[in-house]
Every structure is written in structure tokens, then in C-alpha cells.
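>>> For reference, the sequence and a predicted model appear below.
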Amino acid sequence: MKKDASFSYRAWLQPGNIEKTTSSNVFAEGDNCSFAQEECILGIAELAVDCDVSLCIDEKLPAEGYSVKFSENCVKISGGCTSGLLYGVYGFLARVRMGECPTTLDFSSKPAVAMRVINHWDNGDGSVERGYAGKSLLWKDGKLGYDLDRLKDYARLLASVGINQISVNNVNVRPLTAKLLTDEGLKDLVIVAEIFRPFGIKLIVGVHFDSPCWIGGLKTSDPADEKVAVFWKEAAARVYNAVPDLAGFLVKADSEFNLGPLAFGHTQDIGANVIAKALQPFGGILYWRCFVYNCLQDWRDTTIDRPKAAYDTFFPIDGKFEPNVILQIKHGPSDFQVREPNSPLLGAMKNTRQAIEFQVTQEYTGQQKDMYNWAVQWEEVFSQPFNENRTTRDLVGSGKEVEAVVAVNNTGDDDNWCGHLLSQLNLYALGRLAWDASLTAEAITKEWVSLTFGKKAEIFEPIVKMLMDSRHTYEKYNAPLGICWMVCIHHHYGPSVDGYEYMKWGTYHRADTKAIGVDRTSKGTNYTSQYQPHVRDIYENLETCPEEMVLYFHRLAYDHKLKSGKTLLQHIYDTHFEGVEEVEGFIKTWESLKGLIPDEAYTSVRARFDMQLENAKEWRDVINSYFYRKTGIADAQGRKIYE
Ligand code: GCV
């Protein structure tokens with residue numbers, strides 16, 4: 001039984017979240033509308049606008065694009081294909097829900113990138129790696145298992161923001177999920193594909209590089225071995241026989257204890273190409289992740305610098321990949337930290353297809369206990385320069401250099417999908433930015449708030465403001481100025497300044513009593529040389545390096561004067577005090593909404609703020625005490641710092 005009467009279960013365009021007024025007629029012109037028709041009619045009938053609506057396919061439109069136009073007392077929604085039509089209906093519903101009058105509508109839209117992808121890090125036992133919203137929506141008891149209605153609602157949520165591919169299992173493939181390539185596993189995959197297909201969403205399967213041994217009975221997974229090539233060909237044929245419209249496979253190799261080509265003395269292209277060739281007869285894509293680094297580093301060795309790993313591994317083999325390989329590159333060279341520069345690999349390879357990878361789930365950004373608007377950070381990511389003429393937004397917006405936007409999802413079987421109700425915004429934002437990279441975080445935030453809470457100023461304005469502030473507030477009480485990684489080890493919530501400092505993972509701040517940071521300029525690890533010359537020069541020079549990430553590139557003394565005139569140390573103290581005060585401010589704002597928004601929404605978010613406040617205080621006190629103890633220098637304002 002659907003629970004869509006409950007606020008927490010609902011999200012932006014779910015039927016039931018849309019107010020009914022009067023009824024309208026919906027006409028579908030031509031049989032080829034039928035695929036999306038049921039969903040379109042359902043949505044429009046729920047909305048019930050005061051005019052008729054006609055739906056049609058217009059092949060002259062861009063394939064997934066659409067147009068919406070009112071004329072002669074009828075809103076005509078046309079899509080370039082059935083998915084385009086569906087996106088047109090969602091676009092129409094969103095505009096009306098946001099207060100536009102159907103009779104004035106005249107707009108068209110098309111996606112910037114062809115592949116708009118959500119990766120699930122869901123395990124066969126129903127747990128979700130870095131998941132903060134309950135159990136998996138897709139897996140139960142060792143196999144694909146789900147609540148059918150819920151999964152359909154989920155498909156609608158994703159399609160309503162233009163997502164068109166999802167991977168169904170964790171990139172850290174374990175024996176249970178490796179079975180997806182077997183006849184047994186495929187039975188379930190067929191059913192899941194049927195649920196997502198009407199919403200224009202294709203499935204991706206995460207596969208383990210060692211599958212030839214794990215499930216193929218071979219003694220090696222060496223990609224140069226002929227038997228291994230045969231294994232992959234047979235596996236691909238079997239999967240495509242069951243799910244002919246599968247988008248492809250996704251591989252995490254040579255990373256965090258997952259086997260890869262390196263183990264057999266090969267470069268990444270040799271490993272990827274054997275699988276890619278097996279997918280070619282079926283038009284399948286191979287997403288190959290670039291998160292390749294040595295996670296067994298010696299912290300004493302200052303010559304190795306983890307952020308250099310992806311570029312060092314992949315740039316030299318640009319052009320060597322099969323045409324159906326897409327390299328999936330995390331947006332930053334570290335790992336979805338609160339502040340880091342963009343990966344120098346993005347856009348650098350001229351002859352290799354690329355995807356940018358984001359995290360919607362809040363692994364390092366408050367784990368859906370703390371409010372965090374990723375869209376603000378993604379806008380900053382898109383605004384970073386690629387060279388003197390272009391930004392990352394241009395690489396994505398052209399749909400050429402970066403052909404796919406991928407993100408690790410933040411949903412689970414919690415009633416409100418995301419654990420923190422306000423984290424729904426992040427999933428919404430990801431879809432919107434993948435569709436149109438030129439959208440601002442503010443525009444997207446306003447859309448989501450108005451779709452979710454309505455547009456009454458006394459509700460709309462404070463919620464938008466809080467969400468817009470949330471990323472910088474979180475950053476204030478987190479690791480300072482792009483230093484990264486001061487988190488508790490393994491689970492990554494809360495502060496532990498030296499948690500990773502003497503470990504193998506390559507994530508060091510190297511703080512001593514005088515200074516902090518790793519010199520990544522040409523005088524240090526020379527990481528800066530991986531950027532295009534214009535950008536390299538910006539980061540190389542302390543004067544031009546953006547201050548908010550200065551500690552990513554430079555090692556600085558605590559008494560270094562920042563542009564504000566404050567010392568580095570005083571900046572650290574101030575921001576950590578401010579972060580807590582701002583969270584206290586969020587709580588006051590939220591409390592002013594009591595009675596104005598549904599109780600369930602009010603109560604659940606209010607409870608999250610208690611957790612956030614505790615976290616912010618913990619960060620403030622641990623970070624400030626750490627630096628006070630290192631330096632012995634007191635806060636200029638004499639505030640309480642624990643000794
Ligand atoms: C799926 C980080 C996370 C891991 C994750 C990995 C990845 O290291 O902590 O949980 O593994 O990134 O992106 O593969």
C-alpha cells in the first residue's frame with residue numbers, strides 16, 4: 001500500500017504532492033505515445049489544470065528534448081521520443097506546480113549530456129555503502145528484492161529530473177552481487193529493468209574484474225588471457241539476452257583492494273578493453289572508474305602524493321581505450337571532500353570519453369544528519385577554470401568532453417527517501433544540473449523548495465536561505481581551507497584531526513607546531529603541473545591561489561596573513577566558532593516554521609538539527625583545541641578553547 005498521503009514519503013513530483021483543482025482531458029496523438037502515456041496521464045490528471053492537454057512525439061525535436069506550448073485552449077506537449085515526452089510532462093507539471101499559468105506556457109528544453117546516471121552502492125545483503133537513509137531500495141536477502149510500488153515511485157523521482165541510467169549494485173562488488181552475471185541473478189535483473197524501462201531509465205551492472213575466477217571457474221582473470229576474453233564475451237551475451245537495453249557495465253579496478261589489470265602487469269586500457277569489446281555487439285558502455293591509487297602508502301614517504309594518482313595513471317594512455325569506454329572521474333582528486341580543486345584529468349584527455357562523478361550521498365558532508373546543499377558546491381566545481389577560456393561547466397555543458405554526469409545516490413528505504421528530508425534537494429539538484437549545467441544553485445534550490453513546500457514567502461524564503469547557506473556553514477566547522485580529511489577513520493563522520501595522519505591512505509595534513517599543509521607546487525610534490533598551464537599558474541602562486549583551498553596547494557605557517565588580514569590560525573578559530581553559531585541560527589529559523597509546514601516534516605528536520613549542532617560543536621572544539629595545543633597561541637577574542 002502506498003503511503004503517499006504521508007509528507008515524508010512524498011517528494012517533489014510524486015502524485016499526491018500535487019494539488020487538485022478541476023479535471024482536464026488528456027489526448028495522446030498517435031500510438032507511439034503509449035509507452036509514457038500512463039505516467040503522463042496520471043501526472044496530469046492529478047494536477048488537473050483548467051485546460052486540455054495533448055501529447056505527441058515529434059521526431060524533429062532533439063531525442064530526449066521536449067516542447068510545451070499553449071494554443072487554442074490546449075497545452076501541447078511534444079517529445080523527441082517517448083522519454084522526451086515524459087520529461088515534457090514532468091517539465092509541465094513542475095512549472096504549474098511552481099505557480100506558472102498553463103495558458104502562458106511556451107518553452108522547450110533538452111539535456112546537456114546524454115548520460116545522466118545514478119550509481120547505487122547497494123550490497124546484496126541490503127546494506128548500502130556510505131548510505132544514510134536506511135536499507136537498499138533494490139536488494140534484500142542476497143538478491144534483488146524490493147517494494148514494487150516504492151520502486152516505481154523511485155523511478156518516477158529519478159525520471160522527473162531527467163536521470164536515464166542507474167547502476168544497481170555497489171562498485172565494491174561482492175560475491176552476492178557478482179551473481180548478477182549468472183542466469184540466477186539475471187532473473188531478478190529482468191524484473192527490475194521492467195520497472196525502470198517505462199521511465200526511460202536503463203540499468204548498469206557493476207562487475208568485478210576478478211569475475212572470470214569468481215563465477216567463471218577460471219584460474220586467472222588476466223585480461224590478456226584468451227579464456228578471459230571468452231568469459232567476458234559470454235557474460236555480456238548472457239546479460240544482453242536477458243536485458244537487451246542494458247546501458248552497460250561499471251568497473252572499479254585496482255582500487256581499494258579490488259583486483260585490476262595492474263596485478264597482471266598491464267595498464268588500465270588493457271583491462272578495460274577486454275570487457276568493452278565484449279559489450280560492443282550489444283551497444284553497451286563500459287564505465288571504468290579512475291579512482292585508482294595506492295591505498296597502502298607509507299605515511300613517512302613524502303614523495304608520493306595521492307591526488308596525483310588518477311592523472312599519472314590515465315593521462316599517458318589517452319586514446320588507447322575502445323570507443324565504448326567512458327572513464328568515470330571523481331570531480332576532485334581526493335574523494336568528495338568539502339573543499340578540493342577539480343581533478344586535473346577532467347577535460348585533459350582529448351581522445352578518451354569521460355564522465356564526471358559526484359556524490360549525492362553525504363559521506364564527508366554530514367551523512368544526512370547535517371544539512372548540506374551539494375548544489376552550491378557543484379556550482380563552484382562547474383565554475384572552476386579548465387584553461388584560460390573555459391570552465392568545467394563548459395566541458396559538461398557542451399556534452400562533448402564530458403558526456404556523462406554520474407553520482408552516487410543518497411536514497412534508501414527511509415520514509416522520506418534520504419534520511420534528512422532536506423537532502424532530497426541534492427538528488428533533485430543532481431538531475432537538474434546534469435540536464436542543464438548552466439543552472440545556478442539558487443535557481444535549483446528555489447525550484448525544489450517551491451515544489452516541496454510551496455511558495456508562501458514566510459516558508460519559502462527562510463528555507464531557501466538556510467539551504468543556500470548550509471554548504472558554507474558546514475565547511476566552516478569542518479577541515480579548514482581545503483586541507484581535507486580531518487575526519488574519524490572508516491565511518492567518516494565527526495572530527496579526528498590526526499585520524500588518517502599516520503595511516504596508509506595517503507591523506508595527510510602534516511601539521512606541526514609551526515605550519516600545516518602539503519606543498520603541491522613545483523617546489524613540492526609538483527601536483528600543480530598536472531593542470532593546464534593557466535590553471536597551474538593560478539594554483540602555483542600563493543597570491544592567486546583561491547584562498548578557500550590554499551592549504552590544498554601550499555604549506556603555510558600559522559601566522560601567515562590571509563587576505564582578510566587575519567592570521568591563518570585566527571581564521572581557523574573564527575570559522576569554527578561561526579559554524580556553530582550559524583547552526584544555532586538554522587535551528588531558530590526552523591523553529592519559526594512550526595505550524596506552517598507539515599508537522600512530520602517539521603519534527604524530522606528539527607531532530608536532525610540537534611545532531612548537526614552536536615557535530616558542529618564537536619568539530620569546533622576538537623579543531624580549535626588541536627591547533628591551540630600545537631601552537632600555544634590563544635584566540636584573539638578570548639573565547640573558550642579547551643586545553
Ligand atoms: C565504494 C571512498 C569511500 C568508499 C568508496 C570509494 C569509491 O573511498 O569511502 O566507501 O567505495 O570512495 O569511490 O570507490
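Okay, I see it.

>>> Identify the residues contacting the closest residue to Trp378 other than its chain neighbours.
Here the nearest residue to Trp378 in space, its sequence neighbours aside, is Leu433; by CB to CB, 6 or more residues apart in numbering that works out to 5.8 Å. Quick note: C-beta positions are derived from backbone N, CA and C, even for glycine. By CB atoms under 8 Å, 6 or more residues apart in numbering, Leu433 lies in contact with Ala375, Trp378, Phe382, Val405, Leu439, Ile444.

>>> 7 Å instead, please
Ala375, Trp378, Leu439 (CB atoms under 7 Å, 6 or more residues apart in numbering).

>>> for Arg620, same thing?
Contact criterion CB under 7 Å, 6+ apart gives Tyr477, His576, Phe577, Gly579, Val580 as the residues in contact with Arg620.

>>> The second one: which element?
Spelled out, it's His576. helix 568-591 (DSSP states H and E).

>>> from what I can see Thr391 touches Val381, true?
No: between Thr391 and Val381 there is no contact, the gap being 9.5 Å when judged by CB atoms under 7 Å.

>>> that older thread, helices or strands next to the helix holding His576 in the packing?
Packing contacts for helix 568-591, counted by 3 or more CB pairs under 7 Å, 6 or more residues apart in numbering; DSSP states H and E, involve helix 457-477, helix 599-631.

>>> To Gln354, which of the ones you listed lies closest?
helix 457-477 (25.3 Å; CB to CB).

>>> what is the rounded mean pLDDT of that closest one?
Helix 457-477 carries an average pLDDT of 98.

>>> Buried by neighbour count: which residues of it qualify?
459, 462-464, 466-477 (16 or more other CB atoms under 10 Å).

>>> Check which element follows that helix along the chain.
Next in sequence after helix 457-477, counting helices and strands by DSSP H and E, comes strand 515-516.

>>> sorry, back to before: neighbour count winner among Thr391 and Val381?
A side-by-side neighbour count of Thr391 and Val381, using other CB atoms under 10 Å, places Val381 first with 22 against 18.

>>> What does that one show for phi and psi?
Comment: the main-chain dihedrals of Val381 come out as phi -60, psi -50, following degrees, to the nearest 10.

>>> so what's it up against?
For Val381, the contact set (CB under 7 Å, 6+ apart) comprises His331, Asn342, Thr392.

>>> Could I get the full set of helices for the stretch 251-400 of the chain?
268-279, 309-314, 374-383, 392-397 (DSSP state H, counting those that start in this stretch).

>>> List the buried residues in the helix or strand just after the last one.
Proceeding N to C from helix 392-397, the next assigned helix or strand is strand 402-408, under DSSP H and E. By neighbour count with 16+ other CB under 10 Å, strand 402-408 contains the buried residues Val402, Glu403, Ala404, Val405, Val406, Ala407, Val408.

>>> Could you identify the most distant pair in these?
Pairwise distances among these were taken by CB to CB; the largest, 18.5 Å, belongs to Glu403 and Val408.

>>> biggest separation within the contacts of Arg620, which pair?
Tyr477 and Phe577 (8.9 Å).

>>> Could you measure from the closest residue to the ligand within the stretch 301-450 of the chain over to His492?
Here the stretch 301-450 of the chain gets closest to the ligand at one residue, Asp335, 5.1 Å apart by CB to the nearest ligand atom. Asp335 sits 9 Å away from His492, going by CB to CB, to the nearest Å.

>>> again, but for Val406
Relative to His492, Val406 is positioned 20 Å away (CB to CB).

>>> do the same with Val113
Val113 sits 29 Å away from His492, taking CB to CB as the criterion.

>>> Name the residues of stretch 235-245 that are buried.
Ala235, Ala236, Val239, Tyr240, Ala242, Val243.

>>> Out of these, flag the one nearest to Asn294.
Closest approach between the buried residues of stretch 235-245 and Asn294, by CB to CB: Ala235, at 28.9 Å.

>>> just the angle between the helix or strand containing that closest one and helix 268-279, please?
In this structure, Ala235 is located in helix 226-242 according to DSSP H and E. For the pair helix 226-242 and helix 268-279, the angle between their directions (axes from the mean of the first three to the mean of the last three CA atoms, to 10 degrees) equals 40 degrees.

>>> Which strands and helices lie in contact with helix 226-242?
Contact analysis of helix 226-242 by 3+ CB pairs under 7 Å, 6+ apart lists helix 183-196, helix 211-214, helix 268-279 as its packing neighbours.

>>> Nearest to Lys252, out of those?
Nearest to Lys252 among the helices and strands packed on helix 226-242 is helix 268-279 (11.4 Å), distances taken as CB to CB.

>>> Go ahead and produce CSV holding the CA coordinates of that closest one.
As requested, C-alpha coordinates have been extracted for helix 268-279 and formatted as CSV (Å, rounded to 0.1, in the frame of the first residue of the first chain):
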residue,chain,number,x,y,z
GLN,A,268,44.2,0.2,-17.4
ASP,A,269,43.3,0.2,-21.1
ILE,A,270,44.2,-3.5,-21.4
GLY,A,271,41.9,-4.3,-18.6
ALA,A,272,39.1,-2.1,-19.8
ASN,A,273,39.2,-3.0,-23.4
VAL,A,274,38.7,-6.7,-23.0
ILE,A,275,35.4,-6.0,-21.2
ALA,A,276,34.5,-3.2,-23.6
LYS,A,277,34.9,-5.4,-26.7
ALA,A,278,32.6,-8.0,-25.2
LEU,A,279,29.9,-5.2,-24.8
